[in-house]
Structures are given as C-alpha cells and as structure tokens.
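Enquirer: sequence unavailable; structure follows:
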Ligand SMILES: CC(C)=CCC/C(C)=C/CC/C(C)=C/C=C/C(C)=C/C=C/C=C(C)/C=C/C=C(C)/C=C/C=C(C)/C=C/CC(C)(C)O
Ligand SMILES: C[S@@+](CC[C@H](N)C(=O)[O-])C[C@H]1O[C@@H](n2cnc3c(N)ncnc32)[C@H](O)[C@@H]1O
C-alpha cells in the first residue's frame, strides 16, 4: 500500500477504491452535468441548493473585490465615521474628498456586504459586519497589513513556483530568510505593534478557555509586547509571569509592562528559543501564535525544551489558528498562503500539533473549547510520570 502525508503529517494508508470512491466518482460526473443543473434548478426541492452553491462560488470568485471594498472603507475611516452617526452620501463625499458618484458605488457595495446599512433620509449607517471593524483597531490594522499579502498573491502561480520572491519575507525578521541579528530595531517594533493590537481576540479566547487558578508561575514564550501576560496577571493577581522573546521585542515588552505598573509580577527575558535556554521556574508555559511560524524540527525542539523545563504536573497551553482536518474553513486558505509568503512555518491541524507535543513528551493532550475557534484553537498538554506515546489521542472534539 502507498503512503501519503496527511495534513497532520502522519503517514496515512491509501485505501483501495471501494464503494465510497466509486460513488464519489459517480457524483463527480453527475454534478458537472448540464442536464442535472437544469433539473436541479427546475425542482423546488433542489433549487435552494443551486442558489446556495452559486452564491458561495460567486463569493470565492469575487473575494478580491470584497477585500478591496473593505480596504477602501478602512483607508477612508468610513466605518469609524458611521459609528459616530449615520451620514448621507454628500456628507461622506465631503469628508472623504471623493466624487459622490464613485463613492456611492463603494457605499452600496459595503451595504451589500453587510459592512453598512441604509437608514432613514438616505443616510448610511454601520452594518453588522462593519461594527467589529469600527470597534477594533486590530482588525483595521490587519486589513491594511493584508495589502502586502495580496500584493504577493497578485500572480498566485508565480508565488507558488517561487515563494522566496514574496515581499512578506521582509516584514518578519525571524524567518530562516531573514537572520534577525542584523535587522533594524524598527522592523521588530513594526511587527510587534501589529501583533499587539491583533492579540486582543486571542487573549479573550485564552482567558475563557483555561483555568489559570491552579498555576503559580507562567512563562510565555514568544510573548511579543506582553499583551497576553499583562492581561493574565491583571485577571489572576496571584500569578507571576515571565515573558521570553527576541531581545528587541523583550525590551519593548519590558517598557509596556512597566507602563501598566506590572513590573513586580511580570518580568521579561531576551533571547532566542533556537539558541538559548528557556527561563526556568514556571509550572505553566504558554505558546501563543508561535508554533505556526516555524518548521516541524524547530517546533519539536522548542516543545522538548519546554517539556524539560516544566516540573511534573506542569502544563503547556498552545494557542494559534489551526487547520480544519477536512471540510470548509475560511481561515485555512488565508494562513496557508500567509505563512508561505512569510517564508516559514505552516498551518497545522490540532492533531498535527498534538502529535508534535506527544513526541516532545506531553501527555493528556486536549483541545480546550474556544468560544470563537477562528482566532485561535487551544491545545493543553501535561508533563506527567506516564510514558508519553509518540502519537497523541486527542480529546476535546475537532482534529
Ligand atoms: C442587536 C441584536 C438584535 C442582536 C445582537 C446579536 C448579537 C449578540 C451579536 C453579536 C455581535 C458581536 C459582538 C459580534 C462581534 C464580532 C467580532 C468581534 C468579530 C471579529 C472579527 C475578527 C477578525 C475578522 C479578525 C481577523 C484576524 C486576522 C485576519 C488575523 C491575522 C493574523 C495574522 C496575519 C497573524 C500573523 C502572525 C504570524 C506571522 C502568522 O505568526
Ligand atoms: C506571531 S508573533 C506572536 C506574538 C504574541 N505571542 C502574540 O500572540 O501576539 C511571534 C513571536 O515569536 C517571537 N519569536 C520568533 N522567533 C523567536 C525566537 N527564536 N526566540 C524567541 N522568540 C521568537 C517573535 O519575536 C514574536 O514576538
């Protein structure tokens, strides 16, 4: 039997074509047949399905236009403006300096996308999807940052043939292509500020998903500017925390933690988890949006170092966006291509990460329920006396 590499990186046996495969092949033939399409449109029982599939496919095709509508709204600060009060076309034209005729196309597109809605007297108001964008600077900064990714994706085949040509490489100084030693300080502060504003949702997920009361000392590896450890220390006043990150980032975190008045309980250490030992003494290590930036060998070395560093009964909480093992997911294509353009790491399924954790020695690996798994899914592993097996049986739902 052949073996292939599944998204979880575990070799899978390729089953010989059985009845399921034959059925799938038949459905493939049926579903591309114009006769079936005509029949499905004609029947009230199936018309809804044709409509829904057509709309979903159209959304795939039109995604670029939707992205640009959102970007234009963000660049013109339209959603923050409408959060203050609904406005007419002429008022918005005066505020943005755009001609009413072209601005109207943008506003009507934004209404069709749910970013805005129509109010009385011809005014435009904030729509259901515009509200979070107006409320969170982190989303607006990501929308702006994504312009770099979409430049790299302008010719998708060129990117697939030669991922090294992506401009996104230069944004992140810690990938194998960008040795961080020589990068200017500004490069670190730029990405750290972006991470800091976009971390808010992940912080809320983490605080909701895991009982931190049982721990005393937390080490946050790759902690960025310290948003997570600060929120943790504020929510759980008994905790002492250490943040470990590359020296320029740890320095930014130290300043930020000082500004929040948390320096007594939250300390920082500069270093690289690739070349330096991790600070000791923690009974809980958190790894938030770090593993997906690195290849399997680096992640495994880091997980082993974390495991060695923990006392018995210590725990690792790993949180980041994770891939769906199968089925549809809006985040998967985004992060698959983002990390390719970045030039390092990959989006992993919970099972693939759990397998790496098990190889590093962790046991009792579970997927913690996260309120909105889009921002991050959360894996918890323990250090125990039990001999860890190399492959994890993952409890807690999705793989
Ligand atoms: C009013 C009535 C009648 C009913 C109310 C009903 C109700 C309760 C509604 C709830 C409404 C509500 C509060 C909605 C809230 C929605 C929110 C907060 C939506 C948030 C969306 C967030 C998004 C889209 C975040 C996107 C994040 C991105 C794209 C992150 C990218 C991260 C990157 C690129 C990270 C890079 C790091 C690296 C390099 C991979 O390591
Ligand atoms: C995507 S950011 C996530 C930051 C933060 N945990 C968050 O969720 O916002 C990845 C972090 O890992 C840090 N990092 C990357 N390589 C590292 C290394 N070799 N040693 C220590 N930290 C590293 C980066 O400086 C950055 O702060």
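Expert: Done, it's in. None of the values given here were measured: they were computed from a predicted structure. Ligands and ions are numbered 1, 2, ... in the order given.
Enquirer: for the residue nearest the centre of the chain, give its distance to ligand 2.
Expert: The central residue of the chain, meaning the one whose C-alpha is nearest the mean C-alpha position (CA atoms, centre = their mean), is residue 321 at 4.1 Å. The span separating residue 321 from ligand 2 equals 11 Å under the rule CB to the nearest ligand atom, to the nearest Å. C-beta here means a position set from N, CA and C on the backbone, and glycine is covered the same way.
Enquirer: also residue 280?
Expert: In this structure, residue 280 and ligand 2 are 16 Å apart, going by CB to the nearest ligand atom.
Enquirer: with residue 357 instead?
Expert: The gap separating residue 357 from ligand 2 is 18 Å, by CB to the nearest ligand atom.
Enquirer: quick check: residues of the stretch 1-150 of the chain near ligand 1?
Expert: By the rule CB under 6 Å from any ligand atom, the part of the stretch 1-150 of the chain lying against ligand 1 is 132, 139, 142.
Enquirer: OK, contacts around the second one?
Expert: Contacts for residue 139 were tallied using CB atoms under 8 Å, 6 or more residues apart in numbering; they are 132-133, 198.
Enquirer: list the ones among the residues of the stretch 1-150 of the chain next to ligand 1 that fall in helices.
Expert: For these, the ones inside helices are 132, 139, 142, with DSSP state H as the criterion.
Enquirer: in what helix or strand does residue 30 lie?
Expert: In this structure, residue 30 sits in helix 19-31 according to DSSP states H and E.
Enquirer: residues in the stretch 51-200 of the chain within reach of ligand 2, list them.
Expert: Taking CB under 6 Å from any ligand atom, the part of the stretch 51-200 of the chain that reaches ligand 2 is made up of 174, 192, 195, 199.
Enquirer: relative to ligand 1, which of the residues you listed is nearest.
Expert: Using CB to the nearest ligand atom, residue 195 is the member of those that sits closest to ligand 1, with 6.4 Å.
Enquirer: that closest one belongs to a helix?
Expert: Yes. Assigned with DSSP: H, G, I helix; E, B strand; the rest coil, residue 195 falls within a helix.
Enquirer: what separation is there between it and residue 256?
Expert: 12 Å (CB to CB, to the nearest Å).
Enquirer: now do the strands in this structure.
Expert: Along the chain, the stretches classed as strands by DSSP state E are 3-5, 11-13, 87-88, 116-118, 123-126, 217-221, 240-245, 266-270, 284-288, 315-320, 363-368, 377-382.
Enquirer: avg pLDDT for the fourth one?
Expert: In other words, strand 116-118. With pLDDT averaged residue by residue, strand 116-118 scores 98.
Enquirer: please state the offset of it from the chain centre?
Expert: 28 Å (CA atoms, centre = their mean, to the nearest Å).
Enquirer: got it, and the shortest one?
Expert: Computed by CA atoms, centre = their mean, the chain-centroid distance of strand 87-88 equals 35 Å.
Enquirer: and for stretch 76-85?
Expert: Relative to its chain's centre, stretch 76-85 lies at 26 Å (CA atoms, centre = their mean).
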